[in-house]
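Enquirer: quick one: sequence and predicted model below, then my questions.
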Amino acid sequence: MGVKTSLILVLLTMALTASAPIATGKKTTSQEFPAQHDEQRRALHAISRLTFGPRPGEVQRVLATGVDKWIDQQLHPEKINDSALDARLASFRTLRMSTREIVENFPPEAVIKAVEEGKQPLPSDPLRRAVYQDEMDRLQEQEQRKQDANLSTNEETGNSVKSSDSAGVERREETRDYDSGAEQLPKLPPEQRVKEILAMSPRRRRALASSFKGARSSDFLDGMTAQQREAVRALDNPQKVVVNELLESKILRSTYSERQLQEVMTDFWFNHFNVFIGKGADRYLLTSYERDVIRPHAMGKFEDLLIATAQSPAMLFYLDNWLSVGPNSDVANGVPKNSERQWRRRYRRHSVSVKQAKGRRSGLNENYGRELMELHTLGVNGGYTQKDVTEVARVFTGWTLKEPRQGGGFLFDPRMHEPGDKIVLGHRIKPGGEKEGLEVLHMLAHHPSTARFLCTQLAMRFVSDDPPSALVDQMAKTYQKKDGDIRDVLKTMFHSSEFWSTASYHAKLKTPLEFVVSAIRVTNADITDAMPIAHHLQNLGMPLYGMQPPTGYSMKGETWVNSSALLGRMNFALALTAGGLKGIRVDCERLLPADPPTDAHQVVGELEESLLAGEVSKQTEEIIVAELDDPKISQHRLDDPVRLPNIGLLSGLILGSPEFQRR
């Protein structure tokens, strides 16, 4: 590209590794932002913490509403009209499906095998039926390849190897001519297009679906209903449709929702109660987990959120509690034959051998008990012991699932539950089946250590990486007084002097998600396909729903500061503003006034005002201005002296600056 970004990268690394906020050209005369002191900075600070970043004109809109009134509005998302976002998400049908409906429409391998074995019928709907047939064909082809590989390594089966090679040639011949026919399909009316696809063999359909790339995919799917588009995409990989719609919706919600604080809190609590999308059935369970468990409780009572996560199929599957069996339970010590047959059927449906099933269902699993106290409630120094972990694990035996890979929900199975008293944190839990777990969750939700741990985490997200103890104490007091009401805790924080202190201004480094979404929002970019953005987040080290350990992603800036990561951010910014990212349109010239200045230095000033609210350090200013000497940026021509500099590249450099990396 020819742009000299090395100096900016050095400045970026130095500035972001510094403990103090970046110094900007605007001076601060007070330790706080009282109402009479620079209301614009108060608005910008509130927006930077309660949202994924300001959009063009956002500061002015908040000022017109009043900063405090706007904060109160964000604390009550149910009163905010979000119909524009709803329209963007309307085509993603999986977002409104139950888990069972998702499994039925986009079948995992376990369902396909059940159909193959005659345990489940093929769907009658032609589109869904085609998806099932293609998946059956794919599994059969995989099995054939395994057989081919085994035969090819057996020196005594030369004739069989030849037969296998012939079968491979036959498969290639079946799919060889799909391309010529596929080129004509986009020219047909949508309904006729779908009929032609359904008339193909499963192998040809899969070859066609796997060829969809970029513009070709858009042309091919143009005019189809949402159901038809999803089904056609599912011909190649049903699971991918479910995952991609969840990923895209995350980006679209963060970018376009008017209920920004709710989305920030949904992201916060999902990270707090992290579940990894790459673990088996959780690919199908996460849609409901975020929609029905996290988002509705994001600003309610913490105990309600805690119970909802504890009984969530996604969490039960992720931390293996659905397999946890009390050592002295009926299941561990012998069950009637009819129940044994039920167990055999249950585990075979999940591709688990009877031997494995017996081993798993006879053991106590402490994963959830440990993470419940260490990560979800008390914190690592919250006063619990290993004995408490074991006792909590015993309490939650029997909290299991009805057919997780079939989309089943929470089930308490008394046959798996450990009998007898349990002692948790010095409290005796009397035998009560499922009620034992609810009693422990209530006790943990109201524990002083939980109040302090949660408030520390919230203050870390909204105030600073090392939040003041006085603020945490104040928030924890509200938590205990208001029965763990998250909204009241947030109010306490947002009205505190620590939140409005100059020390917290620009003190937080954006995570990759916050950086990417804030760049899209501030440039008023239009997302037409969010999947490329999801891929960029993966390249930046923060794949959506992709944190495998239960710790979730770190909120501390030091985690995200290294030369490779910062170079990745700079490259993203430059590609975004240069129009080089697929699936997103941006017009950087709209960042300038209707009658833009002709002087290049004034253009830089206007862009800094639009993208950074004018708050740029002297060092950054000097480096960006120096880039005007680059012909590819200045675009200076003797025959066109009023020619504007390259707005896209200048905007990208500003988005890559230290000032934009912080919020």
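Expert: Received it, and whenever you're ready, just let me know what you need. Fair warning: this is a prediction, and the values are worked out from it, not measured in the lab. Numbering: from 1, shown residues only.
Enquirer: how much space separates the nearest residue to residue 302 once chain neighbours are set aside from residue 305?
Expert: Among residues not flanking residue 302 along the chain, residue 484 sits closest, at 3.9 Å (Cβ to Cβ, 6 or more residues apart in numbering). No exception for glycine: its C-beta is placed from N, CA and C like everyone else's. For residue 484, the distance to residue 305 (Cβ to Cβ, to the nearest Å) stands at 9 Å.
Enquirer: next, the contact list for the residue nearest to residue 302, please.
Expert: Taking Cβ atoms under 8 Å, 6 or more residues apart in numbering as the criterion, residue 484 is in contact with 301, 302, 303, 445, 446, 451.
Enquirer: considering the residues you listed, which possesses the most neighbours?
Expert: For these, the largest number of neighbours (other Cβ atoms under 10 Å) sits with residue 451, at 25 neighbours.
Enquirer: so what's that residue up against?
Expert: Counting by Cβ under 8 Å, 6+ apart, residue 451 touches 476, 479, 480, 484.
Enquirer: out of the residues you listed, who's nearest residue 120?
Expert: Set against residue 120, the nearest of the contacts of residue 451 by Cβ to Cβ is residue 484 (43.6 Å).
Enquirer: got the buried residues for the longest helix along the chain?
Expert: As assigned by DSSP state H, the longest helix anywhere in the chain is helix 126-152. For helix 126-152, burial by neighbour count (16 or more other Cβ atoms under 10 Å) applies to 127-128, 130-138, 148, 151.
Enquirer: do stretch 495-513 as well
Expert: By neighbour count on 16+ other Cβ under 10 Å, the buried set for stretch 495-513 is 496, 498-502, 504-513.
Enquirer: and the two most separated of those?
Expert: Farthest apart among those - using Cβ to Cβ - are 496 and 512, which lie 28.2 Å from each other.
Enquirer: domain ranges for this structure?
Expert: Split into domains by automatic domain parsing, the chain comes to 6-19+509-661, 93-242, 257-445, 449-500.
Enquirer: of the ones you listed, which shows the lowest average pLDDT?
Expert: Among the domains of the chain, domain 93-242 carries the lowest mean pLDDT, at a mean of 82.
Enquirer: and that one, how far apart are its ends?
Expert: Terminal residues of domain 93-242 are spaced 9 Å apart (Cα to Cα, to the nearest Å).
Enquirer: what does stretch 653-663 give?
Expert: Start and end residues of stretch 653-663 are separated by 17 Å (Cα to Cα).
Enquirer: repeat that for stretch 392-408.
Expert: This stretch, stretch 392-408, spans 24 Å end to end (Cα to Cα).
Enquirer: how far out from the middle of the chain is it?
Expert: Counting by Cα atoms, centre = their mean, to the nearest Å, stretch 392-408 is centred 24 Å from the centre of its parent chain.
Enquirer: quick check: buried residues in it?
Expert: 392-401, 403-408.
Enquirer: which of those residues fall within helices?
Expert: If you go by DSSP H, those have 392, 393, 394, 395 in helices.
Enquirer: for the last one, give its distance to residue 186.
Expert: When distance is defined by Cβ to Cβ, residue 395 is 58 Å away from residue 186.
Enquirer: same check on the first one?
Expert: According to Cβ to Cβ, residue 392 stands 58 Å off from residue 186.
Enquirer: just to revisit the earlier point, closest one to residue 80 among the domains of the chain?
Expert: Judged by Cβ to Cβ, the one of those that comes nearest to residue 80 is domain 257-445, at 5.0 Å.
Enquirer: centroid-nearest residue for this structure?
Expert: Taking Cα atoms, centre = their mean as the criterion, residue 544 is the residue nearest the geometric centre of the chain, at 3.6 Å.
Enquirer: how about the strands of the stretch 351-500 of the chain, start to end?
Expert: Ranges of strands in the stretch 351-500 of the chain, per DSSP state E, counting those that start in this stretch, are 399-401, 410-412, 422-424, 427-429.
Enquirer: which of those strands is buried the deepest?
Expert: When these are scored by mean count of other Cβ atoms under 10 Å, the highest mean neighbour count falls to strand 399-401 (a mean of 24).
Enquirer: would you check that residue 53 makes contact with residue 511?
Expert: No. Counting by Cβ atoms under 8 Å, no contact exists between residue 53 and residue 511, whose distance comes to 11.9 Å.
Enquirer: contacting residues for residue 437?
Expert: Taking Cβ under 8 Å, 6+ apart, we find residue 437 in contact with 310, 395, 396, 399.
Enquirer: now the two most distant members of those residues.
Expert: Going by Cβ to Cβ, the pair spanning the contacts of residue 437 furthest: 310 and 395, at 10.7 Å.
Enquirer: just to be sure, residue 111 is in a helix?
Expert: Yes. Remark: residue 111 belongs to a helix, assigned using DSSP: H, G, I helix; E, B strand; the rest coil.
Enquirer: report how many residues lie close to it.
Expert: Applying other Cβ under 10 Å, we find 21 residues neighbouring residue 111.
Enquirer: I'd guessed it sits against residue 284; true?
Expert: No. Contact criterion Cβ under 8 Å: residue 111 and residue 284 do not qualify, at 10.2 Å.
Enquirer: overlap of the contact sets of the two?
Expert: With Cβ under 8 Å, 6+ apart as the test, residue 111 and residue 284 both reach 103, 405.
Enquirer: name the residues that touch the strand or helix carrying residue 516?
Expert: Counting by DSSP states H and E, the element that carries residue 516 is helix 512-522. Contacts of helix 512-522 with the rest of the structure, by Cβ under 8 Å, 6+ apart, involve 51-56, 251, 254-255, 267, 510, 527, 533, 536-537, 540-542, 544, 560, 565, 569, 572-573, 576, 584, 586, 610-611, 655, 660-661, 663.
Enquirer: in ChimeraX, select just the buried ones from these.
Expert: Applied in ChimeraX, the following selects the buried portion of the contacts of helix 512-522 according to 16+ other Cβ under 10 Å:
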select :51,52,53,54,55,251,254,255,267,510,527,533,536,537,540,541,542,544,560,565,569,572,573,576,584,586,610,611,655,660,661,663
